[in-house]
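> sequence plus predicted model, see below.
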Amino acid sequence: MKKKIKKVSEHTYAAHLDDGRVFILSNAMDGSIQGAVGRNFVLGNRRDWEVMPQTIGGYKIVPYGWNNNIPEFIRDTISDNNLAPGIIARQKGLIWGQGPQLFRMVYENGQIVQEWTEDAEVQAWLDSWGYQQYILGIMDDFFHTGGYFDAKYLTRGSRISSTKKISHLENLRVSMSRLEWPEDDSRMIEACKHIIVGDFEHQCISTGVRVYPVFDPKNPGKYPAAASYRRLDTFGHSFYSVPQFWGAMRWIIRGSEIPTIFKYVTDNGINLAYHVHSSQAYWDYRREVLRNANPDWSDAEIEKEIGKITKELLDSMTQVLTGKENAGKMFHSIDCTDDMGNVHPWKIEAVDQKIKDFVDSQLKIAEASVSAITSGMGLHPSLSNIMVNGKLASGSEMLYAFKLFLNSDTAIPTMLLMASINEAININFPGKKLQMGFYHQSVKTEESISSGDRLKNQ
């Protein structure tokens, strides 16, 4: 049976068979066998990422993925999905709260309390290099990949002074940063001596590479500029972090494909409503009438006239069968009878396209992908603003989910996101014992707020 393959989207193909059937296939990133193998390798054999180094720009690096392209794979897959970017944006917003602020840890009645405070000197240093934009940048990398790179730069004066001060911090994008392969082949992140920065998506051909020594917290003034890699540890991985939604990647890809499949079916489907059976005896009769009326016509002229008659007949049938103005529709035909007395009637049948079954099955897959994506990305559906079973969460459900999120899901991300900036604060202002964290106002129910306060907030 002959077939023709047509590309529907980046991950989906349609196989057209010569009997009119179409099969939707989703098993490759592009049209090549290499793309299919590469995608399966990316999603399947994760341990092979850390087996051997890759050499780029004269440096041996730890590849981030089998083809050193995990950040780009995550970027492209997430951006194609209708849910994932919004969930990540919501996670960042929930962590951010009312923004980064300074605080001290104090103990009151046996409890640990964050005492939020102002400090003009520390705040002036923070404002001098745009700390908020730096934090937003590392948050973006962190929530997409589970880790981030950054660099600390010493002030010019402190490079020759005994007192070392941090001038500013810089976000080194995950897509453009890699760990150097350990010289002793130990496959331990602690043995990585340098961080390499360049355009790895294009093999650093046009940009070259920058090399940073790894920051040493025990000797922070050792280098004029040094870099760090902060990550959530991933079980079984020695170097890079794997995002917590990695197991849901196939669902993210599948959920992204369904709108494209619907568009393809709509644009390319046959969409037959009726099947008209015409009698061969009828057309033989019409040909005989034409020959008798025009004895000098050739067979080609007869068939040309038959084509005109066919078009006129089908045009009139189409108008009757599809016209919205016709309350009662009817079709008239003359049944032909052969010499044996057999009747050869016309027949019109409605075509059951079974499109509803196909649409229903795809919508069920879409519902399953929504559940898998939200659970895989670790955010409660109430906080994701996603409808579950056709309804949004109530206010009380959202409030409970938010309180649970603040109490259980903010401490570790905040610790990692603020690790470098708190290191710098301690280096520059050692006696102040200040830290930076994300300030969150407590959310109250309407019942717990007085009517006067409600009016003030309107």
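Arrived safely. Numbers count the residues shown, from 1 in each chain.

> need the distance between the two termini of stretch 50-67.
End-to-end distance for stretch 50-67, by C-alpha to C-alpha, to the nearest Å: 11 Å.

> mean confidence for that stretch?
For stretch 50-67, the mean pLDDT works out to 84.

> renumber starting at 16 from here on
With the count now opening at 16, the last piece we talked about shows up as stretch 65-82.

> what does it rub up against?
Here stretch 65-82 makes contact (C-beta atoms under 8 Å, 6 or more residues apart in numbering) with 53, 56-57, 60, 63-64, 83, 85-86, 88, 189, 193-196, 202, 207, 209, 211, 213, 215, 218-219, 223-224, 226, 252-255. Placement of C-beta: from N, CA and C, glycine included.

> tell me the contacts of the most centrally placed residue in the chain?
Among the residues of the chain, the one closest to the centroid is residue 93, at 1.6 Å (C-alpha atoms, centre = their mean). Taking C-beta under 8 Å, 6+ apart, we find residue 93 in contact with 99-100, 103, 159, 267.

> the strand or helix carrying residue 275: which residues count as buried?
Assigned by DSSP states H and E, residue 275 belongs to helix 264-283. Within helix 264-283, the residues that count as buried by 16 or more other C-beta atoms under 10 Å are 264-273, 275-276, 279-280.

> the residue sitting furthest away from the middle of the chain: what secondary structure?
Within the chain, residue 310 marks the point farthest from the mean C-alpha position, 70.2 Å out by C-alpha atoms, centre = their mean. With DSSP: H, G, I helix; E, B strand; the rest coil as the basis, residue 310 sits in coil.

> low-confidence ranges, the stretch 216-365 of the chain, go.
279-290, 335-359, 361, 364-365 (pLDDT under 70).

> if we use 90, what do you get?
Filtered on pLDDT under 90, the stretch 216-365 of the chain yields the residue ranges 216-226, 232-238, 247-304, 306-307, 310-319, 321-365.

> show me where it has helices.
264-283, 295-308, 314-337 (DSSP state H, counting those that start in this stretch).

> next one: phi and psi at residue 156?
Main-chain dihedrals, residue 156, degrees, to the nearest 10: phi -70, psi -40.

> hmm, residue 191 and it touching each other?
No - between residue 156 and residue 191 there is no contact under C-beta atoms under 8 Å: 10.3 Å.

> what about those two, which has more around it?
A count of neighbours by other C-beta atoms under 10 Å puts residue 156 above the other of residue 156 and residue 191, at 21 against 18.

> any idea how far that one is from residue 435?
Here residue 156 is placed at a distance of 13 Å from residue 435 (C-beta to C-beta, to the nearest Å).

> do residue 382 as well
41 Å.

> settle it for me: which of the two has more neighbours?
residue 435 (25 against 15).

> and the strands in the stretch 66-215 of the chain?
Assigned strands in the stretch 66-215 of the chain, in chain order: 69-71, 74-76, 115-123, 126-132, 162-169, 181-187, 192-194, 209-213 (criterion: DSSP state E, counting those that start in this stretch).

> per-domain residue ranges of this protein.
By the assignment in automatic domain parsing, the chain contains the domains 69-274+375-472, 289-367.

> for the ones you listed, which one ends up most surrounded?
domain 69-274+375-472 (a mean of 16; mean count of other C-beta atoms under 10 Å).

> and it, how far out from the chain's middle?
Its chain's average C-alpha position is 18 Å from that of domain 69-274+375-472, according to C-alpha atoms, centre = their mean, to the nearest Å.

> show the pLDDT at residue 368.
Residue-level pLDDT assigned to residue 368 equals 59.

> swap in the one 4 residues further on?
At residue 372, the predicted lDDT confidence score is 70.

> so which strand or helix has it?
Assigned by DSSP H and E, residue 372 falls within helix 370-391.

> tabulate the CA atom coordinates of that helix in PDB.
Only the C-alpha atoms of helix 370-391 are listed here, as PDB (Å, rounded to 0.1, in the frame of the first residue of the first chain):
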ATOM      1  CA  ILE A 370     -14.800  13.000  13.700                       C
ATOM      2  CA  LYS A 371     -16.500  13.300  17.100                       C
ATOM      3  CA  ASP A 372     -14.800  10.100  18.300                       C
ATOM      4  CA  PHE A 373     -11.400  11.500  17.100                       C
ATOM      5  CA  VAL A 374     -11.900  14.900  18.700                       C
ATOM      6  CA  ASP A 375     -13.100  13.300  22.000                       C
ATOM      7  CA  SER A 376     -10.100  11.100  22.100                       C
ATOM      8  CA  GLN A 377      -7.700  14.000  21.500                       C
ATOM      9  CA  LEU A 378      -9.500  16.100  24.200                       C
ATOM     10  CA  LYS A 379      -9.100  13.300  26.700                       C
ATOM     11  CA  ILE A 380      -5.400  13.200  25.900                       C
ATOM     12  CA  ALA A 381      -5.300  17.000  26.400                       C
ATOM     13  CA  GLU A 382      -7.000  16.700  29.800                       C
ATOM     14  CA  ALA A 383      -4.500  14.000  30.800                       C
ATOM     15  CA  SER A 384      -1.600  16.200  29.700                       C
ATOM     16  CA  VAL A 385      -2.900  19.100  31.800                       C
ATOM     17  CA  SER A 386      -2.900  16.900  34.900                       C
ATOM     18  CA  ALA A 387       0.500  15.400  34.100                       C
ATOM     19  CA  ILE A 388       2.100  18.800  33.400                       C
ATOM     20  CA  THR A 389       0.800  20.600  36.500                       C
ATOM     21  CA  SER A 390       1.700  17.800  38.800                       C
ATOM     22  CA  GLY A 391       5.100  17.300  37.100                       C
END
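
> that's all I had, so thanks and see you.
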